[in-house]
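Engineer: From the sequence below, what's the structure:
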Amino acid sequence: MSKLNGKWALQESINYEAYLRATGFSDDAVDKFLPLLEATGQSGLVEQYVVSDTSIQRSLFNGEKLIKESPVVPLDTEFEGVAVGNRQIKIYVTVVRPDRVEELETGETYKAATIREVTGDTLLVNQKTESGIESTRRYYRIPEIAYCVRHVEIKMRKIDSNDEF
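Structural biologist: Take a look at the predicted model:
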């Protein structure tokens, strides 16, 4: 099982704006998405990964609000899709080890590599374009209980407000 599975809150982001521009984000898209994509903590950018033996899926949240859910991407196979900023891309994702996932991404005007590596409760994401633009992002794992508590609170309210049992 991949150690990447779970929810991760952004803790630190270095040179991400330059990376976005190098990977085809327009000025308007950078202006629109950068504040969200660099917001830290559990109320900021949260990424959720679901990795199986055959696929990976990544979802982006603003705190608890779902922003974008990627399609289920098969591992070890080139996949064509639409990325954030409405960019057409081809990606190839492989799980190298349970703690390391590598991705090659090709867009209309660029190629980039992303390495996601988990050490304990820290996820380090290193991204580099073929032209040499690099970005590093550090995340911390949100314990499962932290995002289950909200669901329980909602369920409890429904039970409390329901007179029929």
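Engineer: what's the helix or strand for the residue nearest to the spatial centre of the chain?
Structural biologist: Nearest to the mean C-alpha position of the chain, counting by CA atoms, centre = their mean, stands Glu47 at 4.0 Å. For Glu47, the host element (DSSP states H and E) is strand 45-51.
Engineer: so how far is the longest strand along the chain off the chain centroid?
Structural biologist: The strand that spans the most residues within the chain, counting by DSSP state E, is strand 87-97. Put simply, strand 87-97 sits 13 Å off its chain's centre (CA atoms, centre = their mean, to the nearest Å).
Engineer: so who does Thr40 touch?
Structural biologist: Going by CB atoms under 8 Å, 6 or more residues apart in numbering, Thr40 touches 9-13. (Glycine included, C-beta is placed from N, CA and C.)
Engineer: pLDDT at it, what is it?
Structural biologist: Thr40 carries a pLDDT value of 93.
Engineer: What of Asn86?
Structural biologist: In this prediction, Asn86 carries a pLDDT score of 80.
Engineer: and it, how many neighbours?
Structural biologist: Per other CB atoms under 10 Å, the neighbour tally for Asn86 reads 10.
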